[in-house]
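> Quick one, structure for this:
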Amino acid sequence: MIYPFTAIVGQSKMKTALLLNAINPAIGGVLVRGEKGTGKSTAARALAALLPLIEVVAGCPWAFAPSEVPNDVWPDGAAEVIEREAPFVSLPIGATEDRLLGTLDIERALQEGMRHFEAGLLAQAHRGVLYVDEVNLLGDHLVDSLLDVAAMGVNRVEREGLSVTHPARFVLVGTMNPEEGDLRPQLLDRFGLTVEVNGPREPAIRTQVVRYRLAWEENPMAFAE
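Numbering: from 1, shown residues only. From the prediction side, this is the model:
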């Protein structure tokens with residue numbers, strides 16, 4: 001289970017910014033800046049659980065709606081439609097551009113002699129949450145590509161003889177610790193909202209955080225209810 005969003009103590013600005021982006025991803029994402037232990041990643045993961053169920057084609061590994069599935073990605077056109085939770089996808093700091101955007105499926109190309117698109121993390125995050133921890137440490141070329149796609153809602157891949165366009169609409173959440181370096185100003189401006197978070201200093205609030213966490217670890221189902 002995922003730690004409940006409503007159980008996060010305090011941090012009202014961060015929670016409001018996340019909810020606004022969930023309501024309208026066109027805001028452009030949210031960058032959360034703060035020290036470790038302030039619930040940044042917990043809030044991002046909990047946000048995905050609040051999103052409504054989505055309809056997808058049964059067996060499709062990505063979150064495309066049935067009307068959105070590109071033929072290059074799911075050529076069989078399976079008719080069965082099921083509901084599933086909105087995806088939560090983490091972008092690793094060491095990811096390659098191919099892993100993010102997608103590329104030619106080399107294995108299928110060698111086996112079948114045909115070009116097939118291997119969708120990347122942007123396709124997997126479609127209609128869900130794309131989370132980038134320590135976004136300030138992500139390579140500039142990845143950040144540029146990521147923010148461009150987030151702004152347009154579409155990912156276009158042109159490589160190895162492939163030309164694929166697919167929807168890529170998601171709630172972009174980036175977190176960072178300013179002590180580990182800052183973002184370039186032009187990249188900072190590309191996020192729709194920026195929130196500064198700090199750990200609570202009041203003993204009563206800190207005690208509540210610990211009590212909630214202990215209760216969660218003891219019985220997650222009962223705590224969530």
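> residue boundaries of the helices in this structure?
Along the chain, counting by DSSP state H, helices occupy 12-23, 40-50, 97-101, 106-112, 121-124, 140-152, 185-188, 203-218, 220-224.
> Take those and write them to TSV, including distance to residue 64.
Glycine gets a C-beta too; all of them are placed from N, C-alpha and C. Converted to TSV, those look like this (distance: least, C-beta to C-beta, whole Å):
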stretch	distance to residue 64
helix 12-23	19
helix 40-50	17
helix 97-101	16
helix 106-112	18
helix 121-124	7
helix 140-152	15
helix 185-188	28
helix 203-218	33
helix 220-224	30
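> which stretch among these comes nearest residue 88?
Each of the helices of the chain was scored for nearness to residue 88 using C-beta to C-beta, and the closest is helix 40-50 (3.8 Å).
> Just name the shakiest helix or strand of this structure by mean pLDDT.
Ranking every helix and strand in the chain by mean pLDDT, DSSP states H and E puts helix 106-112 at the bottom, with a mean of 55.
> among the helices of the chain, which is nearest residue 132?
By C-beta to C-beta (comparing all of those), the closest turns out to be helix 140-152, at 7.3 Å.
> export stretch 139-152 as PDB, just CAs?
Taking Å, rounded to 0.1, in the frame of the first residue of the first chain, the C-alpha atoms of stretch 139-152 are listed here in PDB:
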ATOM      1  CA  GLY A 139      21.500  15.700 -17.100                       C
ATOM      2  CA  ASP A 140      20.600  19.000 -18.800                       C
ATOM      3  CA  HIS A 141      19.700  17.200 -22.100                       C
ATOM      4  CA  LEU A 142      17.200  14.900 -20.300                       C
ATOM      5  CA  VAL A 143      15.700  17.900 -18.400                       C
ATOM      6  CA  ASP A 144      15.300  19.800 -21.700                       C
ATOM      7  CA  SER A 145      13.500  16.900 -23.400                       C
ATOM      8  CA  LEU A 146      11.400  16.100 -20.300                       C
ATOM      9  CA  LEU A 147      10.100  19.700 -19.900                       C
ATOM     10  CA  ASP A 148       9.500  20.100 -23.600                       C
ATOM     11  CA  VAL A 149       7.300  17.000 -23.700                       C
ATOM     12  CA  ALA A 150       5.600  18.000 -20.400                       C
ATOM     13  CA  ALA A 151       4.700  21.400 -22.000                       C
ATOM     14  CA  MET A 152       3.300  19.900 -25.200                       C
END
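> Which positions within it qualify as buried?
Taking 16 or more other C-beta atoms under 10 Å as the neighbour-count basis, stretch 139-152 is seen to contain the buried residues 142-143, 145-147, 149-150.
> same deal with stretch 80-94?
With burial defined by 16+ other C-beta under 10 Å, the residues of stretch 80-94 counted as buried are 86-91.
> Please apply the same query to stretch 184-193.
For stretch 184-193, the neighbour count (16+ other C-beta under 10 Å) marks 187-188, 190-193 as buried.
> No further questions, thank you.
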